[in-house]
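Engineer: based on what follows, work out the 3D shape:
(one chain, ligands or ions: 1)
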Amino acid sequence: MKASNAQIMVQSTRLLVNKMLEEDMHYPLHIGVTEAGEGEDGRIKSAVGTGALLADGIGDTVRISLTEDPEREIPVAKKIVDYFSGRGNHNPIKAIHDYQLNPFQYKKRITNSVNNAGGKHPPLVISDLSKAEFSIESLVMAGWFYKSSVKNWIFSDIAADYLYLGDINYKFDIPGEKGIILEYGRWKEFRGNKNKCFPLLSLADYFKEQGISDKMNFIKIYYNELNDSVIKKLTGDSTIVLVLETSNINGFAEQRAFFYELIRAKCNIPVIIKRNYNENNKEDFQLKSAADTGGLFLDGLGDGIWLTNTGNVELRDIYKTAFGILQASRARISRTEYISCPSCGRTNFNIQEVASKIRSRTSHLTGLKIAVMGCIVNGPGEMADADYGYVGVGKNKVSLYKARLAVKKNIQEEEAVDELISIIKENGDWREPPEI
Ligand code: SF4
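Structural biologist: Okay, here's the model as predicted:
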């Protein structure tokens, strides 16, 4: 089963397994997100798709399809596979009997709108800067650029929606739709604008305390803290956003079970999926967090994502990974999506070089899907739902596509990237990159 869209790849493979079980067929399955692309995007997309299936015990061989030298695929595949081995001894998770999600079709869980969380809002990204050297300039680590020369904020499409600052005593105005989360004790003492600053409470504190925000309250919760009386109390409070933690080694299944309990109880409180890591290697952090959380977003669960890491990974890579996971699961589109093949003997040009050239010129075109494919034999068929395509057709020759239609055929490779940009412009999909 091949698809470059992780959502389609997961749903179709589940459907295949379902049909095989009905027929008492038990063939091993080869899984992978095809044409996943290059670099971080390719890795995150692959981990989201394969992780969602491996977490359910589906998949016997794995292919990671990167637009890179082929030997770079195997270590990534091994890391993902190894991450799922040894989960058999996890803490028990209650079995679900009244399964209420359709595993073959995407449907976003219905949730209340609390400020800018839940409801029709895209999933939020929360960046944890509570342990950082704090200054207004340091917020660039969450995508918040402060231009002191003009005393103004600049945000790209990937700027964290909320900053968690723990106990930090911050003193600046919060721009636009953005917000701050403080530990409850600190928040109580805070004398600034409480329309933009909200508390994070434990469930125990929430049950004890009176003075909470009348607009938005983040409550930390674990699966084993959920019971009927907790659901009843939370359901009656329209200010609550849950921050779902887990320490189960099968955290994906435990967090999914938590959502099932809420759906079963018709509780529509928005839920932020939080995962904590201790990684010193950026790729390990990206693969693990994508494999753990991507499958939940693919199934329409989760109103936000909050990743933390106690190891040595740059803070800016953490929030960018969160956006990458939302993009790969198509829960929130915040950048251009690239579909590019791994290349093979049929490729007559340097696909890595071209893919990176196209990326450098188009990465600000949020929402567009651009394919870079090595050959005319399989390229057009496998670039699936791309908006634009660059397809090699022979030595130094390229055809350019608008969706499924070849709009420029057999043009010289040297002109092809400029021509691609012209076609994007002619079709009204171009905008100039933001000045940052
Ligand atoms: S060059 Fe063609 S056949 Fe080879 S990987 Fe790319 S699309 Fe597939």
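Engineer: just the helices in this protein please.
Structural biologist: Counting by DSSP state H, the chain has helices at residues 6-22, 39-54, 73-84, 184-189, 203-208, 228-235, 251-264, 282-298, 315-328, 351-362, 379-382, 413-426.
Engineer: nearest to the ligand, out of those helices?
Structural biologist: The ligand lies closest to helix 379-382 among these, at 4.4 Å (C-beta to the nearest ligand atom). No exception for glycine: its C-beta is placed from N, CA and C like everyone else's.
Engineer: send over that closest one as CSV, restricted to the C-alpha atoms.
Structural biologist: Presented in CSV, the C-alpha positions along helix 379-382 are these (Å, rounded to 0.1, in the frame of the first residue of the first chain):
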residue,chain,number,x,y,z
GLY,A,379,6.4,10.3,-11.0
PRO,A,380,3.1,11.6,-12.1
GLY,A,381,1.2,8.7,-10.6
GLU,A,382,3.0,8.8,-7.3
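Engineer: so for it, what gets flagged as buried?
Structural biologist: Residues of helix 379-382 classed as buried: Gly379, Pro380, Glu382 (neighbour count, 16 or more other C-beta atoms under 10 Å).
Engineer: give me the pLDDT for the second one.
Structural biologist: The reference is to Pro380. We have a pLDDT of 91 for Pro380.
Engineer: start the count at 616 instead of 1 going forward.
Structural biologist: Shifting the count to begin at 616 puts that one at Pro995.
Engineer: list the contacts of it.
Structural biologist: Residues near Pro995 by C-beta atoms under 8 Å, 6 or more residues apart in numbering: Met988, Gly1004, Val1006, Tyr1016, Arg1019, Ala1021.
Engineer: for the chain, name the helix or strand with the lowest mean pLDDT.
Structural biologist: strand 767-770 (a mean of 87; mean pLDDT, DSSP states H and E).
Engineer: which strands border that one, and is each parallel or antiparallel?
Structural biologist: Partners of strand 767-770 in the sheet, by DSSP bridges, are strand 759-762 (antiparallel).
Engineer: list of residues touching the partner strand?
Structural biologist: In this structure, residues lying in contact with strand 759-762 by C-beta under 8 Å, 6+ apart are 751-752, 754-755, 767-771, 774-775, 778, 790, 793, 1051.
Engineer: tell me how the protein divides into domains.
Structural biologist: The record's domain parsing of the chain by automatic domain parsing lists 621-699, 728-943, 952-1041.
Engineer: show me what the least confident helix or strand of the chain is in contact with.
Structural biologist: Gly758, Trp759, Phe760, Tyr761, Lys762, Pro790, Gly791, Lys793, Pro1049, Ile1051.
Engineer: can I get the buried ones among those residues as something I can paste into PyMOL?
Structural biologist: Those of these that count as buried under 16+ other C-beta under 10 Å are selected in PyMOL with:
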select buried, resi 758+759+761+793
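Engineer: nearest to the ligand among the contacts of strand 767-770?
Structural biologist: The closest of these, once distances to the ligand are taken by C-beta to the nearest ligand atom, is Pro1049, at 32.6 Å.
Engineer: surely that closest one is in contact with Leu980?
Structural biologist: No - using C-beta atoms under 8 Å, Pro1049 makes no contact with Leu980, being 11.4 Å away.
Engineer: my understanding was that Glu653 contacts Ser955; is that so?
Structural biologist: Yes - using C-beta under 8 Å, Glu653 is in contact with Ser955, at 6.3 Å.
Engineer: got any residues that touch both of these two?
Structural biologist: Listed as contacting both Glu653 and Ser955 by C-beta under 8 Å, 6+ apart are Thr682, Ala970.
Engineer: neighbour count winner among these two?
Structural biologist: Ser955 (32 against 20; other C-beta atoms under 10 Å).
Engineer: so what pairs up with that one in the strands?
Structural biologist: Beta-bridge pairing for Ser955 (DSSP bridges): Ala651, Val987.
Engineer: which of the contacts of strand 759-762 tops the neighbour count?
Structural biologist: Sorting those by how many neighbours each has (other C-beta under 10 Å) puts Leu778 first, at 28 neighbours.
Engineer: what about that one, distance to Tyr785?
Structural biologist: Distance, Leu778 to Tyr785, by C-beta to C-beta, to the nearest Å: 9 Å.
Engineer: name the residues contacting each of the two.
Structural biologist: Shared contacts of Leu778 and Tyr785 (C-beta under 8 Å, 6+ apart): Ile795.
Engineer: the ligand: which of the contacts of strand 759-762 is nearest?
Structural biologist: Nearest to the ligand, judged by C-beta to the nearest ligand atom, of the contacts of strand 759-762 is Ser771 at 31.2 Å.
Engineer: could you double-check that that closest one lies in contact with Ala757?
Structural biologist: No - with contact defined as C-beta under 8 Å, Ser771 does not reach Ala757; the gap is 11.2 Å.
Engineer: which residue does the chain have closest to the ligand?
Structural biologist: With C-beta to the nearest ligand atom, the shortest gap between the chain and the ligand falls at Gly989, namely 2.6 Å.
Engineer: quick one, phi psi at that residue?
Structural biologist: phi -70, psi -30 (degrees, to the nearest 10).
Engineer: quick revisit: closest to Ser949 out of the helices of the chain?
Structural biologist: When the helices of the chain are compared by C-beta to C-beta, helix 930-943 sits nearest Ser949, at 5.2 Å.
Engineer: pull out the buried residues from that closest one.
Structural biologist: Within helix 930-943, the residues scored as buried using 16+ other C-beta under 10 Å are 930, 932-943.
Engineer: coming back round to it: test my guess that the residue of the chain closest to the ligand contacts Cys956.
Structural biologist: Yes - assessed by C-beta under 8 Å, Gly989 is found in contact with Cys956 at 5.1 Å.
Engineer: who's more crowded, those two?
Structural biologist: Neighbour totals were compared for Gly989 and Cys956, and Cys956 leads with 28 against 25 (other C-beta under 10 Å).
Engineer: OK, contacts around that one?
Structural biologist: Contacts for Cys956 (C-beta under 8 Å, 6+ apart) come out as Glu650, Ser680, Thr682, Thr962, Ile966, Val987, Met988, Gly989, Asn993, Gly994, Glu997.
Engineer: cool, thanks, talk later.
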